[in-house]
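Asker: just coords:
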């Protein structure tokens, strides 16, 4: 498999790691769109949200628990945005389920 996020998890590609446990890996985005911009990804390769099912859905709850923990640690008390893109038309560029967390400034809607 030629997945950049799997290679980051394996340590084959460097990243600015923010958090890691047995289920997930979090790291800062290399092209941040906000003062705080990190990604949280499952260690298990799941292509996108369309591939979540009964056997792997528990990872989503864990991801959101980790996001909440990291947002508190990073003082995102005024709020933050969580973004997940699914599929080519949804804007997904890496075919590995991931959640962007952006904060540290006022975020407009729709995103520009």
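Answerer: Yes, it's here. This one's a predicted model, so the numbers in the text were calculated from it and none came from an experiment.
Asker: show me what secondary structure element comes after the longest helix anywhere in the chain.
Answerer: As assigned by DSSP state H, the longest helix anywhere in the chain is helix 58-73. Downstream of helix 58-73, the next assigned helix or strand under DSSP states H and E is strand 80-83.
Asker: strands paired with that next one, and their directions?
Answerer: strand 99-103 (antiparallel) (DSSP bridges).
Asker: tilt between the strand it pairs with and helix 58-73?
Answerer: Per axes from the mean of the first three to the mean of the last three C-alpha atoms, to 10 degrees, the angle that strand 99-103 makes with helix 58-73 is 20 degrees.
Asker: so how far is strand 99-103 off the chain centroid?
Answerer: Counting by C-alpha atoms, centre = their mean, to the nearest Å, strand 99-103 is centred 7 Å from the centre of its parent chain.
Asker: ok, stretch 31-46 next?
Answerer: With C-alpha atoms, centre = their mean, you get 3 Å for stretch 31-46.
Asker: give me the contacts around it.
Answerer: 1, 3, 5-6, 8-9, 18-19, 22-29, 52, 56, 59, 63, 66-67, 70, 74, 76, 80, 96-105, 107 (C-beta atoms under 8 Å, 6 or more residues apart in numbering). C-beta coordinates here come from the backbone N, C-alpha and C atoms, glycine included.
Asker: and those residues, which of them are buried?
Answerer: 5-6, 8-9, 18, 24-27, 29, 52, 59, 63, 66-67, 70, 74, 76, 80, 96-104 (16 or more other C-beta atoms under 10 Å).
Asker: how close does residue 97 get to residue 38?
Answerer: Distance, residue 97 to residue 38, using C-beta to C-beta, to the nearest Å: 15 Å.
Asker: contacts for the longest helix of the chain next, please.
Answerer: So helix 58-73 is contacted by 18-19, 21, 23-24, 26, 38, 40, 42, 44, 46, 52, 80, 82, 99, 101, 103 (C-beta under 8 Å, 6+ apart).
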